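Novice: Next one to model:
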Amino acid sequence: MIEIKQVSKVYGAGAGAYTALDGVSLTIRENEFFTLLGPSGCGKTTLLRMIAGFDFVTTGSLVLDGENLIGKPPYLRPVNTVFQSYALFPHMTCAQNIAFGLRMLRKPKDEIARTVAEMLELVQMTRMADRLTNQLSGGQQQRIALARALAPHPKVLLLDEPLSALDFKLRKEMQIELKRLQTQTGITFVFVTHDQEEALTMSDRIAVMSAGKVRQIGRPREIYDQPADRFVADFIGETNFLAANLSAIEAGGACLEFAPGVRLRARAPKAGTSVGPVTLAVRPEHAEIVSPGDGHLEGELINIVYFGTGTAYHVRLREGANFVVRTQHADILPADIPVGDRIGIRLRDGAAQILGD
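Specialist: Modelled structure (predicted):
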């Protein structure tokens with residue numbers, strides 16, 4: 001649906017020039033929920049604005065459904081945008097807000113009425129049709145903003161952090177609702193967020209961005225379990241980083257050494273990785289607490305954090321680094337361990353990911 005090739009965006013000129021996007025290339029498929037994920041200032045919203053036509057491309061090409069978008073104004077692009085602030089008209093009813101864009105497109109009255117009814121039903125807001133939008137809750141306003149954007153049946157819907165103003169519980173509900181709407185309408189969604197959990201929950205694929213570049217593109221499980229580099233591993237979820245020695249690369253895996261006689265098998269590294277010192281990423285849930293001497297690592301328990309569904313055990317390793325082990329309360333929990341005790345940590349086979357950098 002969307003092909004972005006070597007797109008760059010530079011603001012200003014000379015010594016004061018700032019590069020917001022630096023040679024970004026990616027493809028977004030038809031009927032896909034695609035997320036641009038990254039910290040503030042990484043360029044994700046700039047890229048979204050370029051697709052919408054609100055910002056110009058400095059270099060590169062941007063093609064939507066086979067049509068070159070360079071130089072085409074926003075109102076001639078088959079896309080719609082849901083903004084972070086929703087931008088609803090407070091003096092109009094919900095139905096009038098949804099109908100506004102259709103009237104601007106000079107659609108027939110009967111078609112407008114039919115589409116408004118369909119959109120209200122789609123977002124489960126039929127009973128609110130005649131209510132002013134400033135009389136709605138935040139979640140209800142977001143549903144109307146979505147309905148208004150979907151009403152003209154765009155080929156692509158752009159969503160610029162639309163959940164950030166909602167409270168935690170409502171945000172969780174709307175994550176499921178957005179995915180339902182995308183599946184039901186079959187429209188390509190391009191979603192911008194800095195929230196890793198949002199991206200993992202809703203997306204078919206994710207592009208992780210940093211400093212104007214795309215660091216990795218993949219499905220949520222690939223991004224989480226197989227981070228391409230240290231930035232992705234650190235940004236997505238919680239990660240422990242370990243130093244180890246890669247002693248051998250074999251078919252289907254690799255052999256690691258933490259200390260003489262302490263060995264572990266890991267996933268096969270990227271092509272071109274050579275034996276020697278490497279950095280590993282290990283998710284906290286892929287480790288378990290054992291008696292000292294029975295694990296791959298050993299250290300002092302310095303803190304225990306209870307967070308409802310699980311418990312995090314913070315350990316200072318013998319080498320000086322910190323390591324977190326997370327258990328789910330559905331699992332068999334270790335016996336109560338006093339802070340200050342020495343404990344062992346066992347890593348599950350295949351849990352360690354060898355990082356490219």
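Novice: Scan the chain for its longest helix.
Specialist: Identified as the longest helix of the chain according to DSSP state H is helix 168-185.
Novice: right, and the helix or strand after it?
Specialist: strand 188-193 (DSSP states H and E).
Novice: buried ones in the very next helix or strand once past that next one?
Specialist: Helices and strands here follow DSSP H and E; after strand 188-193, the next one along the chain is helix 196-202. Across helix 196-202, burial judged by 16 or more other CB atoms under 10 Å covers 196, 198-200, 202. Bear in mind the C-beta positions are built from the backbone N, C-alpha and C, glycine included.
Novice: ok, now stretch 208-222?
Specialist: Buried residues in stretch 208-222 (16+ other CB under 10 Å): 208-210, 212-218, 220.
Novice: Check stretch 95-111 too.
Specialist: 95-102, 107.
Novice: how about JSON lines for these, with distance to Ile236 and pLDDT added?
Specialist: Shown next, in JSON lines, are the buried residues of stretch 95-111 (distance: CB to CB, whole Å; pLDDT from 0 to 100):
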{"residue": "Ala95", "distance to Ile236": "41", "pLDDT": "95"}
{"residue": "Gln96", "distance to Ile236": "42", "pLDDT": "95"}
{"residue": "Asn97", "distance to Ile236": "36", "pLDDT": "94"}
{"residue": "Ile98", "distance to Ile236": "36", "pLDDT": "95"}
{"residue": "Ala99", "distance to Ile236": "41", "pLDDT": "95"}
{"residue": "Phe100", "distance to Ile236": "39", "pLDDT": "94"}
{"residue": "Gly101", "distance to Ile236": "36", "pLDDT": "91"}
{"residue": "Leu102", "distance to Ile236": "40", "pLDDT": "93"}
{"residue": "Lys107", "distance to Ile236": "43", "pLDDT": "93"}
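Novice: now, the most widely separated pair of these?
Specialist: Asn97 and Lys107 (15.2 Å; CB to CB).
Novice: now the strands for the stretch 201-350 of the chain?
Specialist: 205-210, 213-218, 240-250, 253-259, 262-266, 276-282, 287-290, 297-306, 310-317, 322-328, 342-347 (DSSP state E, counting those that start in this stretch).
Novice: Start and end of stretch 49-58, how far apart?
Specialist: 13 Å (CA to CA, to the nearest Å).
Novice: Check the average confidence over that stretch, would you?
Specialist: Stretch 49-58 carries an average pLDDT of 94.
Novice: That stretch: how far from the chain's middle?
Specialist: Between the centre of stretch 49-58 and the centre of its chain there are 21 Å (CA atoms, centre = their mean, to the nearest Å).
Novice: Stretch 31-46 too?
Specialist: A distance of 8 Å separates the centroid of the chain from that of stretch 31-46, by CA atoms, centre = their mean.
Novice: ditto for stretch 219-230
Specialist: The answer for stretch 219-230 is 11 Å, by CA atoms, centre = their mean.
Novice: Ok, stretch 65-74 next?
Specialist: On CA atoms, centre = their mean, the centre of stretch 65-74 falls 26 Å from that of its chain.
Novice: among the buried residues of helix 196-202, which two are most distant?
Specialist: Gln196 and Met202 (11.5 Å).
Novice: Poorly predicted segments of the stretch 151-300 of the chain, please.
Specialist: Scanning the stretch 151-300 of the chain for pLDDT under 70 picks out the ranges 252, 259-261, 268-273.
Novice: switch the cut-off to 90
Specialist: 161-178, 180-181, 197, 225-226, 228-229, 237, 242-281, 291-298 (pLDDT under 90).
Novice: who touches stretch 110-128?
Specialist: Residues from elsewhere that reach stretch 110-128 (CB atoms under 8 Å, 6 or more residues apart in numbering): 94-95, 98-99, 102-103, 107, 129, 136, 140, 143-144, 146-148, 150-151, 177, 181, 184-185.
Novice: hang on, I meant stretch 222-234
Specialist: 200, 206, 208, 210, 215-216, 218, 236-237, 239, 241, 267, 279, 281, 283, 353, 355-357.
Novice: surely Ala254 meets Asn245?
Specialist: No - in this structure Ala254 lies outside contact range of Asn245 using CB atoms under 8 Å: 10.8 Å.
Novice: So which of those two has more stuff around it?
Specialist: Just comparing Ala254 and Asn245: by other CB atoms under 10 Å the higher neighbour count belongs to Ala254, 21 against 14.
Novice: gap between that one and Pro227?
Specialist: To Pro227, Ala254 is 16 Å away according to CB to CB, to the nearest Å.
Novice: Thank you, goodbye.
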